[in-house]
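# Pasted the sequence and its predicted model underneath.
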Amino acid sequence: MHGSPGPMKKVSMTSIKRAALLACMAAAGALASPALLAQDAGWYAGGNVGRSAATIDDGRIRSGLNNQGLVVSGFSADDRDTGYKLFGGYQVNRYLGVEAGWFDLGSAGFAASTTPTGSLSGNIRMRGLSLDAVGTLPIGERFSLLGRIGMAHTRTRGSFGATGAVRMPYPSTSTSDSSTGLKLGVGAAWQLTNAWSVRAEVERLRIDDTAGNKGHVDLMSVGLVYRFGAGPMRSGN
């Protein structure tokens, strides 16, 4: 993986960060009014599923093979997979919630062939836990914008193989590591009933993988949220 954006990463880190911070600032402002502290408070849980996108650092891989005196004759990358998350949280008030979750970003892999004849392949799987502050900005009766900022603790497991003239550049054919990094996101929610709502989100997680690459993975997902003990639908803002 690498930090440079790929085809699916047209949403820049700066724009995600700005939207997340603006939503959380709005939430912080809402806390200034004690009357809002009990408004719309309660526990909720849900799940999302979607598409994860990592960028394979092919330049780093090619450079390593070149340093072995090899020429890369072919390279392929599989940097998209199904990702999902399960989460639960507490809505402090209408504007601010705290959310913990478990996520699985799937895997990303690559295969390189060389001259003299050889090959190098790798696959990295990514799972972890997260804790976020989630800001909500109501727009109308049912629609809301979301922004989140938090931390993700990710466990990465890698498997690598080398054949022919290629020497294994990694410590082992099977690796495992963990890292903690910043997590940002933006999204929107539509309230279906007093208890159920649907979300669409884009999130970016900072991840260091087992091959020594430092970068990020994006997750674009949709899901359902259930709010426990929900009261009647709000008739207006």
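Nice, I can see it. Numbers count the residues shown, from 1 in each chain.
# Now do the buried residues in stretch 187-205.
Gly187, Ala189, Gln191, Ser197, Arg199, Ala200, Glu201, Val202, Glu203, Arg204, Leu205 (16 or more other C-beta atoms under 10 Å). To be clear about C-beta, it is placed using only N, CA and C from the backbone, and glycine gets the same treatment.
# If we only consider those residues, which is nearest to Gly106?
Proximity of the buried residues of stretch 187-205 to Gly106 (C-beta to C-beta) peaks at Leu205, which lies at 12.5 Å.
# So for that closest one, what's the pLDDT?
As predicted, Leu205 sits at a pLDDT of 95.
# How much space separates the residue nearest to it when sequence neighbours are not counted from Ile139?
Nearest non-adjacent residue to Leu205, counting by C-beta to C-beta, 6 or more residues apart in numbering: Ala152, 4.6 Å away. Between Ala152 and Ile139 the computed distance is 28 Å (C-beta to C-beta, to the nearest Å).
# Please apply the same query to Asn93.
Distance from Asn93 to Ile139, by C-beta to C-beta: 17 Å.
# and these two? which has more neighbours close in?
Asn93 (18 against 11; other C-beta atoms under 10 Å).
# Confirm that one sits in a helix?
No. Asn93 sits outside any helix when classified using DSSP: H, G, I helix; E, B strand; the rest coil, being coil.
# Could I get the full set of helices for this protein?
Taking DSSP state H as the criterion, the chain carries its helices at 13-30, 58-66.
# Out of those, point me to the one whose mean pLDDT is lowest.
helix 13-30 (a mean of 50).
# In this structure Leu137 contacts Val186, no?
No. Applying C-beta atoms under 8 Å, one finds Leu137 not in contact with Val186, separated by 10.6 Å.
# who's more crowded, these two?
Shown here are Leu137 and Val186; by other C-beta under 10 Å, Val186 has more neighbours (23 against 18).
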